[in-house]
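**Student:** pasting the structure only:
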């Protein structure tokens, strides 16, 4: 019996123990990520989400750059845990850098001034959906991932290294790869504290 959509959502979990073995080729995974982002909804069909997909040495380079930037601001006596974390992300097969194009946001603000204050919020919502959808799609194929946030510390380095337009605002980073450890049990708060249903 094939899995349902909710089954795939339940499969998506944070994986910190990543490896470099992938069940599909880089080209297939790249196409999967692009297709997912392409079909994620966005307000006014703005399509403001952008992505840079890094594999292998390029992914390693991103986490090395991030580590060296953090080295400058994290106290030396507590840097070991930060370094270990960066190395665990670099141990994966790749990284997706998620962006939101601010030129798109500004253009919509100018075109629809009545909703100007909402467009940055709606852009963030679209970006969040893109991140979740990619994460779930990777999980569907047995690929582990986690979602990280090192912007704006790494923004300048990323723009320079991968020729990213200045209008692209870095929002999240997703290291991915093989699942090298099983997932622990996940606890949930009481449904009555989260939901209200009326009919």
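**Tutor:** In hand now; what should we look at? Predicted, not measured: the structure shown is a model, and the values here were computed from it. Residues are numbered from 1 along each chain as shown.
**Student:** only C-alpha atoms for contact and neighbour calcs from this point on.
**Tutor:** Noted.
**Student:** So residue 133 belongs to a helix, correct?
**Tutor:** Yes. The assignment for residue 133, made by DSSP: H, G, I helix; E, B strand; the rest coil, places it in a helix.
**Student:** For it, give its distance to residue 13.
**Tutor:** Per C-alpha to C-alpha, to the nearest Å, residue 133 is found 12 Å from residue 13.
**Student:** Helices of the protein, residue ranges please.
**Tutor:** 5-11, 26-39, 56-71, 79-90, 102-111, 119-140, 155-162 (DSSP state H).
**Student:** now for those helices, which one comes closest to residue 17?
**Tutor:** helix 79-90 (6.6 Å; C-alpha to C-alpha).
**Student:** longest strand in this structure, by residue count?
**Tutor:** strand 168-179 (DSSP state E).
**Student:** Report all helices and strands that that strand contacts.
**Tutor:** Here strand 168-179 touches strand 18-19, helix 79-90, strand 94-101, helix 102-111, strand 143-145, going by 3 or more C-alpha pairs under 8 Å, 6 or more residues apart in numbering; DSSP states H and E.
**Student:** Quick one: residues in contact with the shortest one.
**Tutor:** Read that as strand 18-19. Strand 18-19 is touched from outside by 88-89, 91-93, 144-145, 176-181, with contacts defined as C-alpha atoms under 8 Å, 6 or more residues apart in numbering.
**Student:** if we go to 6 Å?
**Tutor:** The contact list for strand 18-19 (C-alpha atoms under 6 Å, 6 or more residues apart in numbering) reads 91, 92, 177, 178, 179, 180.
**Student:** Partner strands of that strand, with direction?
**Tutor:** Here strand 18-19 has these sheet partners by DSSP bridges: strand 168-179 (antiparallel).
**Student:** And for the nearest residue to residue 181 once chain neighbours are set aside, the neighbour number?
**Tutor:** Leaving out its chain neighbours, the residue that sits closest to residue 181 by C-alpha to C-alpha, 6 or more residues apart in numbering is residue 17, at 5.9 Å. By the criterion of other C-alpha atoms under 10 Å, residue 17 has 20 neighbours.
**Student:** Low-confidence stretches in this structure?
**Tutor:** 1 (pLDDT under 70).
**Student:** ok so, going back, make a PyMOL selection of whichever of the contacts of strand 18-19 turn out to be buried.
**Tutor:** Entered in PyMOL, the line below selects the buried ones among those, by 16 or more other C-alpha atoms under 10 Å:
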select buried, resi 91+92+177+178+179
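**Student:** Specify which member of the contacts of strand 18-19 is nearest to residue 41.
**Tutor:** Set against residue 41, the nearest of the contacts of strand 18-19 by C-alpha to C-alpha is residue 177 (26.1 Å).
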